[in-house]
Structures are given as C-alpha cells and as structure tokens.
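Undergrad: model the following, please.
(chains A and B)
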Protein chains: 2
Amino acid sequence: MEHGFFKVVSSAAFRELLAGFPKLGTETVALGAALGRVLAADVVAGEDLPPASRSSMDGYAVRAADLFGATESNPAYLERVGEIAIDRPPDFALNPGECASITTGGFLPEGADSVIMVEHSQDLGAGTVELRKAVAPHDNVMLRGEDVAAGQVALPAGKRLRPPEIGLLAALGQARLRVGARPRVAILSTGDELVPVTATPRPGQIRDVNSATLAAIVVEAGAEPQLLGLVPDELDTLAAALRQAREASDVILLSGGSSVGVRDLTIAALATFPDARVLAHGIQVSPGKPTILAALGEVPVLGLPGQVTSAQVVMRVFGAPFLRHLAGQAGAFGEEGPGISAELARNLASKQGREDWVRVRLESRPGALPLAHPVLGKSGLLRTLLSADGLVAVPSEREGLYAGSLVVVRPL
Amino acid sequence: MEHGFFKVVSSAAFRELLAGFPKLGTETVALGAALGRVLAADVVAGEDLPPASRSSMDGYAVRAADLFGATESNPAYLERVGEIAIDRPPDFALNPGECASITTGGFLPEGADSVIMVEHSQDLGAGTVELRKAVAPHDNVMLRGEDVAAGQVALPAGKRLRPPEIGLLAALGQARLRVGARPRVAILSTGDELVPVTATPRPGQIRDVNSATLAAIVVEAGAEPQLLGLVPDELDTLAAALRQAREASDVILLSGGSSVGVRDLTIAALATFPDARVLAHGIQVSPGKPTILAALGEVPVLGLPGQVTSAQVVMRVFGAPFLRHLAGQAGAFGEEGPGISAELARNLASKQGREDWVRVRLESRPGALPLAHPVLGKSGLLRTLLSADGLVAVPSEREGLYAGSLVVVRPL
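TA: Numbers count the residues shown, from 1 in each chain, chains lettered A, B, ... in the order given. Now for the predicted structure:
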C-alpha cells in the first residue's frame, strides 16, 4: 500500500483529490425518470423550437405595418380573411389589409408578423375588424427557433436536469436520455458499541445513527446507498467487508473511524490490499479532521469520522459534491448556486489554518438579511444539526468572523 | 355545480382556499424510506439520548474538582484505576484522586463528571497519570438526555424529515414510522395541438411539455405523479377523464386551459358533476392569472394555464406547497426557509393589484449579495425558466421594485 506519511491536507487539496477520481459510466433512462440525473452527452436540437412562429395571446394575426399609427380615436380597419385552428398550420397567407383571428399557441400565417390582443379589437361583422392600437413586428409572437434552433446544443453534457430542462427535452422529443450512472455507495459502520436501529441497546451500547443519515444524504445527492451494516472493530472482518464492498460498489463510505484506535484499524485494513492507496489522512477542517481518503484500486474509500455531526458535515461539504462529480455533473465542486446570504448574529472564533463549518439557524427578518445564529454543541450530539438550517464556512485564513459579517449559508 | 360568479382571487385568498383542503391519510414506512416524508404523529422519546453520559474525546474521565488549578507548571497527579471499554458501561466508580482512560463515545463511570483530553496528560506508569490542565464539570461530556430526554417530544407531527431527523429517529430505534400519505396526483394535458413526447408533430402540432414538467415538480414536492396523458378539447372526453382521475387520485392537475375557449371547456366539464364546486376562477398573479381551483367532491382540481412557463410558476408558487400541505407538512404555505437574499440588478415595473413572479438569474459576487437579473420573455417560451435560478415576487401593493432593492429569491 502507498502510504508514505501522515497526510493532513487542506480542504482545497482534499477537493482536488476527490475531483481526480474519474466519472462513472453512463446509462439510458426514460425522460420520466430523468429528474435530477446528469446528461452524459450534449443534447442537440433536431428541430426549431417553436417549430414555427406562434401567438402568445388570443387576438388577431396582422402585418404590423397595417396598424401603424392606430389608436383608440384613430383605429385601423382590416379584413378578416380566416380563423387559425389551434392544431393545424394556416392554409392561407396574409396580404396587406388582412387579418386572421388566432388563439394562444396558434401558428402565424405567412405574411403576418405580429399579433394584436383581442382586447384592442372589435369585430364589426361582415368580415371587418376594428383595431385600436399599433403593434411592433414580433409583438405577442413566439418566434420560430426562439427557444432553440435546429442544430444548436439545447443542453450540454454535465447538466443536472431540473423540471425546466425536463420540459425542454420533452419539447424536443427526447423520450430517452443518456445520463451518468447513479453511484452505488456502500455504507459500512464500524464501532463495537453500535447496534442496529432495530435492536435494544444493552448498557454501554448505542444505535447506529450514521448508516441512516449517510444513506439519506447519498439519496439526496442522487446516488444509491447500499447498506452493508455494522462491522466489528476487528482487522480481518473489516478487510473482508471492504473486499465485499469494492466488488459491488462505486464508492465506499466507512464511518466510525474518529477515535485514534479505529482510524489505525481502518488504515491497517486498507493495508491488507496491495492496490490500496491512502490519499489523505486528515483534512484541515472542523468538524471532520479525522477523515481518510483512500482508493482500493479504482474504488474511492471515504473514511468518515464516527461522531454523528462530523460525519454529516463532511458528507455535506465533500461527500455529496463528490457523488455528483462521479455522476458526471459539471462543476460539482463549485458552489451549488449562490447559497443563502445572511448576517452573522454574533462573533465566531476560529483557529487560523483550519476551515470551520459552523452550524447556523436562520432567523428571517422582513426587509433585511436573515440573521445566522451559530448553533454550538459537541459534534457527537444530534441536536446541533437538528436545530440548524445550514452551514457557514469560516475560511482557514481567518481567525474568526465578527457579528454583522455577511456570510453565505449552505442549506442542510 | 356551485359557481356563482367569476371569482378572481388574490394570491393570499388562493392559498387559503388550498389550505382548506384537509390533509390526506397516513401510512407506515421503514426508516430507510422516510427521507422527505412528513411525520403523521409526534415521536416521543422512549429513552434518554445519550442513554448515559459519554465522552466526546479520547482522554481521561476525571472528577473536575481533582484538577482544580492544574496547569503545565503545576500539574495534578491522579491514580489510573481502569480503562473504559467502548461497548460496555464501566463496572467501577471513580473515587476522589482517581481517573480512568476513556475513548470517544465511552460511557463515564459513576463519580466522573468530565473528561480531560489525552493531549493534556502523560501516563507516568505505575498507575499514575500527570494532568496539566483544569477542566470544568461536563467538559468534553455529552450528558445523558442532552439530545432528548425520555418522555419528551423528539420530533413533532407535521415535520418533514431531513437527514438529521432521520438520524435522531435511528438513535431512538424508530425503525418504522407513521407518515402522511404521498398525494397521488393525476396529470391531464388538454389541447388539440398537442402530441405525446414520442410522436413526431405534424405541422401545427407541438409536443406536450406540461405533463413532463408538472410530473417533475410533483416528484420534487414528495408526491406521486400519475400521467393520464392527452385529452382532446372536447367536453365528453374531458368529463370522462376527470371522472377516471377522481377515482384513483388525490389531486387532479389539468393543464392547457390558458386560452379562453379551453377555460370555458374546463368549467363546462366540471359542471357535468353535480358535486363540483369552482372555488376560484383566476388569481391576481402574473404569470398564472387564468388558474382555476375547483373540487370534485373532496378531490381538488387545479386547472393550470397551458403556457409552459405559467404552468410551472403556478406549480412552484402554489401547487408544490399545496401537495406538501396534503401530505401533512406543518406550515407548508409559509416560506420554505428564508430564500436567497439578492440585490435586484435593474428596475422592475409591475401592475399594482397583481402579484408578479419574476424569473431571475443569480450572479454570485464575493463579499456582496448576489445580483438578481430578471429574465424576461414570453411565458409560452421555455427559455426564461431554463436560464433562471429562481423566482422573485413583486407584491401586489407595489408598482414595481427599484434596482438595488433587497429581494428574496425562491430557487427553482
């Protein structure tokens, strides 16, 4: 095993190590199952959208030049030459002095360049329509190709699909899509004091919390948890569990290595594999310092702290972006949107050289930024995260943040 | 059918009408499937958490009084009387002058009230430990019941479960939970110009976008879409589709009623049911004004505009909170967290008496609030939502917002 020295790395270096793992393979899914998935290839529009110019209002298709200068007191009069059906393109063209009634979504006849809303018209009968307002060319028209033109990249590879993207793909007839595979994530908890959720702990024992919370975060990150259960703090058993996990999983999460003894055991178990590499043995963050990153061949192993809060924070800050990266999402390690800006409610001390992730509770204030109240407490307790809305980073080059500082909150 | 008059209501009144529908029934799910679900009953802790006081550090369990005044230059010396196993409670008590080695998570022996970190100690051998720092009672200890005490409400009914709540439920041994049922949401698209996503449109036709986007928003809201497909703009067929939908669904979404003719058809189809009530026939919002809210007996029917952007905005602003309300979420119509504060990049005009929901793109700026750039464009186009990060409300009592205003962005 490659493991030259005790490598405590910065959070930036840790992200770079994670980003060094290649993305996984791809698979084809139906559009109805594509929400939250990541496009594996550019989607090129096979046609213009809209396929032809369409009205965005109920009214009359016109030639804008015919209504030049039209007002309430000086209306224009046009000849109504037809009615445009909603499901067929018009079979006539519009000549100067002519108009055609049209409903929202209707296709414009040749010669028409704009639509005037029905509110500004009066049908005088005998084929004559009074129009009391001027329009500019393209008014109330969705132009052919305005959403996307044939041959253009409609959506790029690496894009995570939200409902609006699903809509564009539907419009383009993309009923099946090539997307990044969902990472299969093995979850192992170590700790002789742990019992399954369904068990009644004897005195001295506690129930396994990390398997359930890590699985939930994995699901939220769009990946597939594989709960492999509890592993005793014993070298051969742990090595066997790792061997099993690497066969059927794309990523291995191992929680429970927060005390020095268990961390040593994790390293020892990894050392039983000739192709194991320890890439980081600690991150300069709090909570989460005792995190281990290794690779068993190609399979990344993230050794998370056993403390429940530490494990969740590390998964939020590093693990979830890593899973999105493996699924092929572009910029997965960048910020997930701009976060929630807030005003820090009180001074926060921090150690220079260490990035702190502080749990905060947000208090909304009308007309002002929300206040971010730090929620302090031991990272082995559950309640700090329960009462928190998000996390605020105190950068490693700072010795803290003053009350009133503008901070960016990453939601939990 | 009850339908006295053309009821255009304010957005607040529309929310009240939605909130008037009772929440659905409940079901039992395994903890592993409970992420995002809503608790149907209070969860009361059956035991203290932690079950006994535990160490949050590797070090020595001590009586704080024994280390009073201890410093580097004036250390205290205690007798090491034992080592605390991680998976068993200590079978000894700590007397004055004694300490016991303990690892993170270990249970404190009787008599101990605090833990001193191993960094501040030196094992001198022959059972003597030198301790070079004072501690206060409870230092480095997670106290019995500090997360939750037996008999307390650990989580209230109506709470949506995030990973931290899943963790608390795991710790309490709640392997199965009573949660609100996921609303079954029938989705019908009307419009003679529409063809399924898999079809090649003839000239004049376009593919059905709303079924796919509405289904995606329904999934994101934690509900279950039932795609009932396209319905021609024809009274009997639409009435039959509504009859089928009310049998098997908790909510009916009908999209396509944006043009006046189709809205009239929707009302006419509802009127064929003796127990139909039209509750609202328009909302004072833009986009989304032509939204209809009705009830077929107990089943709510939301008639969404056919314009793709309007339909999505109405679903985001009203539909998704409504589905969470039906699932039992407390405060579903309140704000979903504090939203993203941003600075408006330019003036926004709006009509008084109408709540505008403007699509915005967010631009992050280091050390400052993100800039919110309005994305304007016709609501029949797909591209405004594609390039938007969220929605900003211009309240109905305002005639617009000035550039530089603080706005709250609801993410898409």
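
Undergrad: dead centre of chain A: give me the residue that sits there.
TA: residue A:160 (6.1 Å; Cα atoms, centre = their mean).

Undergrad: poorly predicted segments of chain A, please.
TA: Along chain A, the model assigns pLDDT under 70 to residues A:1-6, A:257-262, A:335-337.

Undergrad: distance of the residue nearest to the centre of chain A relative to chain B?
TA: Plainly put, residue A:160 is 12 Å away from chain B if you go by Cβ to the nearest Cβ, to the nearest Å. From N, CA and C alone the C-beta is placed, and that goes for glycine too.

Undergrad: confirm that residue A:145 sits in a strand.
TA: No: Residue A:145: not assigned to a strand; according to DSSP: H, G, I helix; E, B strand; the rest coil it is coil.

Undergrad: please name the nearest non-neighbouring residue to it.
TA: residue A:48 (3.9 Å; Cβ to Cβ, 6 or more residues apart in numbering or on different chains).

Undergrad: that neighbour - how many residues pack around it?
TA: 18 (other Cβ atoms under 10 Å in any protein chain shown).

Undergrad: and it, what does it touch?
TA: By Cβ atoms under 8 Å, 6 or more residues apart in numbering or on different chains, the residues touching residue A:48 are A:144, A:145, A:148, A:149, A:150.

Undergrad: between those, identify the one with the most neighbours.
TA: residue A:148 (23 neighbours).

Undergrad: does that residue touch residue A:45 like I think?
TA: Yes: in this structure, residue A:148 is within contact of residue A:45 by Cβ atoms under 8 Å, at 4.5 Å.

Undergrad: so in chain A, which helix runs the longest?
TA: In chain A, with assignment by DSSP state H, the single longest helix is helix A:235-248.

Undergrad: any bit of it sitting next to chain B?
TA: No: contact of helix A:235-248 with chain B (Cβ under 8 Å from any Cβ of the partner chain) is absent, the minimum separation being 14.6 Å.

Undergrad: what helices or strands is that helix leaning on?
TA: Contact partners of helix A:235-248 among helices and strands, from 3 or more Cβ pairs under 8 Å, 6 or more residues apart in numbering or on different chains; DSSP states H and E: strand A:184-190, strand A:224-231, strand A:251-255, helix A:260-271, strand A:299-304.

Undergrad: walk me through which strands the longest strand anywhere in chain A pairs with, and which way each runs.
TA: Longest strand in chain A by number of residues (criterion: DSSP state E): strand A:355-365. Strand A:355-365 sits in its sheet next to strand A:285-286 (parallel), strand A:368-374 (antiparallel), strand A:390-394 (antiparallel), going by DSSP bridges.

Undergrad: what separates that strand from the chain centre, distance-wise?
TA: With Cα atoms, centre = their mean, to the nearest Å as the basis, strand A:355-365 stands 21 Å off its chain's centre.

Undergrad: who touches it?
TA: Against strand A:355-365 from outside (Cβ under 8 Å, 6+ apart): A:10-11, A:284-288, A:309, A:313, A:317, A:340, A:342, A:345, A:348, A:350, A:370-376, A:384-385, A:387-396, A:407, A:409, B:335, B:337-338.

Undergrad: what about 6 Å?
TA: For strand A:355-365, contacts defined as Cβ atoms under 6 Å, 6 or more residues apart in numbering or on different chains pick out A:11, A:285-286, A:313, A:317, A:350, A:370-375, A:384, A:387-394, A:396, A:409, B:338.

Undergrad: name the residues of that strand that are buried.
TA: Within strand A:355-365, the residues that count as buried by 16 or more other Cβ atoms under 10 Å in any protein chain shown are A:355, A:356, A:357, A:358, A:359, A:360, A:361, A:362, A:364.

Undergrad: and that strand, C-alpha only, in CSV?
TA: Output of strand A:355-365 as CSV, limited to C-alpha atoms (Å, rounded to 0.1, in the frame of the first residue of the first chain):
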residue,chain,number,x,y,z
GLU,A,355,-11.6,25.8,7.8
ASP,A,356,-14.5,25.7,10.2
TRP,A,357,-18.0,24.7,9.2
VAL,A,358,-20.4,26.2,11.7
ARG,A,359,-24.0,25.1,12.0
VAL,A,360,-26.4,28.0,12.0
ARG,A,361,-30.0,28.6,12.5
LEU,A,362,-31.6,31.2,10.3
GLU,A,363,-34.0,33.9,11.5
SER,A,364,-35.9,35.6,8.8
ARG,A,365,-36.4,39.4,9.0
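
Undergrad: export the contacts of residue A:48 as CSV, with columns for distance to residue B:200.
TA: Shown next, in CSV, are the contacts of residue A:48 (distance: Cβ to Cβ, whole Å):
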residue, distance to residue B:200
A:144, 17
A:145, 18
A:148, 17
A:149, 18
A:150, 14
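
Undergrad: tally of neighbours for the nearest residue to residue A:289 once chain neighbours are set aside?
TA: Leaving out its chain neighbours, the residue that sits closest to residue A:289 by Cβ to Cβ, 6+ apart is residue A:282, at 5.6 Å. By the criterion of other Cβ under 10 Å, residue A:282 has 17 neighbours.
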